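> Quick one, structure for this:
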Amino acid sequence: MTKENGKIVFSESMKLADLIDMNWHLLNVLSRLDIGLGFRENTISEVCAEQGINLNAFLLICNVYTYDDYVPSAELLSGADPATIVDYLHNSHAFYLDKAFTSLEESIAAMVEPCDDLQKKIVARFFADYRAQVENHFAYEENVVFPYVRSLKDSTSREGYTIEQFEENHSNIDETLHDLKNIVMKYLPDTCDTVQRNEVLYRIFRLEEDLAKHTIVEDTVLIPLVNRIEDSVK
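Below you'll find the model as predicted:
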């Protein structure tokens, strides 16, 4: 392993198991790229080649999830496949909607069971509003942005649309989640079980962190990558 500015530089020759040892949160990245466990002593390059995953795109995503101040290099961006980034983001959407939100909703329901009806309604409304906001945000990306990015690879880009329009309208989806977190921490009655409240907070904090990384992948990897492609077409 080599270091640059005190940080370990991920390279294609690094064993994938060592990568996970460095940052276990990258297990989420593996699952969303359909990389199963049992990769033995194989390197990052070998696993990506076996799975048909673009190496540069994989390294970019792993760096974003590991370093808060990561700035993608021109070298990695130039060799990254936008379709791999889109596949990763699409699978992340499915994880949030089908698993993370469902688990959080179940934990919230158990937590507020001792509350009165009004308190239950307030918490349920916040969660429902947040989920609707996120679903709308994801729907735009799934129906407009991702098909556009894939069309660039096929040289069939949509006339009149550019990634700049996505960048200008890329909304923040964590404000309501922050409000929900404050309700759980500050305003629920003591009748709510502390262990259950903590479980809900753990899930919210993990979701909040994951969604922040998701947004960074879009802002610092996908958008610059597509900008490069658009410029080359022009």
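> which residues of this protein score low on pLDDT?
Segments of the chain classed as low confidence (criterion: pLDDT under 70) are 1-8, 155-159, 169-172, 233-234.
> Can you give the domain ranges for it?
2-77, 81-233 (automatic domain parsing).
> got those domains as TSV, with mean neighbour count columns?
Every residue, glycine included, has its C-beta placed from N, CA and C. TSV is the format used below for the domains of the chain (neighbours: other C-beta atoms under 10 Å):
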stretch	mean neighbour count
domain 2-77	16
domain 81-233	15
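> Stretch 87-102: how far from the chain's middle?
Here the centre of mass of C-alpha atoms in stretch 87-102, compared against the chain's by C-alpha atoms, centre = their mean, to the nearest Å, lies 8 Å away.
> Quick check: residue 193 vs residue 173, distance?
Going from residue 193 to residue 173 by C-beta to C-beta, to the nearest Å gives 29 Å.
> now swap in residue 110 and tell me
Counting by C-beta to C-beta, the gap from residue 110 to residue 173 is 25 Å.
> got it, and residue 61?
Between residue 61 and residue 173 the distance, using C-beta to C-beta, works out to 19 Å.
> which residues in the protein form helices?
All helices of the chain, identified by DSSP state H, fall at 16-22, 26-32, 44-51, 55-66, 74-78, 82-95, 101-111, 117-140, 146-153, 163-168, 175-182, 194-216, 223-233.
> possible to save those as CSV with distance to residue 10?
As requested, those are exported to CSV (distance: least, C-beta to C-beta, whole Å):
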stretch, distance to residue 10
helix 16-22, 7
helix 26-32, 10
helix 44-51, 7
helix 55-66, 5
helix 74-78, 10
helix 82-95, 16
helix 101-111, 30
helix 117-140, 28
helix 146-153, 24
helix 163-168, 26
helix 175-182, 30
helix 194-216, 16
helix 223-233, 18
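> now residue 42, nearest residue through space, not along the chain?
residue 16 (6.0 Å; C-beta to C-beta, 6 or more residues apart in numbering).
> Convert the C-alpha atoms of stretch 66-85 to PDB, please.
Extracted as PDB, the C-alpha positions of stretch 66-85 are listed here (Å, rounded to 0.1, in the frame of the first residue of the first chain):
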ATOM      1  CA  THR A  66     -13.700   6.600   2.400                       C
ATOM      2  CA  TYR A  67     -12.500  10.200   2.400                       C
ATOM      3  CA  ASP A  68     -14.800  13.100   3.200                       C
ATOM      4  CA  ASP A  69     -12.600  15.600   1.300                       C
ATOM      5  CA  TYR A  70     -11.900  13.400  -1.700                       C
ATOM      6  CA  VAL A  71     -11.400  15.100  -5.000                       C
ATOM      7  CA  PRO A  72     -11.400  12.800  -8.100                       C
ATOM      8  CA  SER A  73      -8.300  12.900 -10.200                       C
ATOM      9  CA  ALA A  74      -8.500  13.700 -13.900                       C
ATOM     10  CA  GLU A  75      -6.800  10.300 -14.600                       C
ATOM     11  CA  LEU A  76      -9.500   8.300 -12.800                       C
ATOM     12  CA  LEU A  77     -12.300  10.300 -14.300                       C
ATOM     13  CA  SER A  78     -10.900   9.900 -17.900                       C
ATOM     14  CA  GLY A  79     -11.100   6.100 -17.600                       C
ATOM     15  CA  ALA A  80     -14.400   5.800 -15.700                       C
ATOM     16  CA  ASP A  81     -17.500   4.400 -17.300                       C
ATOM     17  CA  PRO A  82     -20.600   6.500 -16.600                       C
ATOM     18  CA  ALA A  83     -22.800   3.500 -17.000                       C
ATOM     19  CA  THR A  84     -21.100   1.800 -14.000                       C
ATOM     20  CA  ILE A  85     -21.800   4.900 -11.900                       C
END
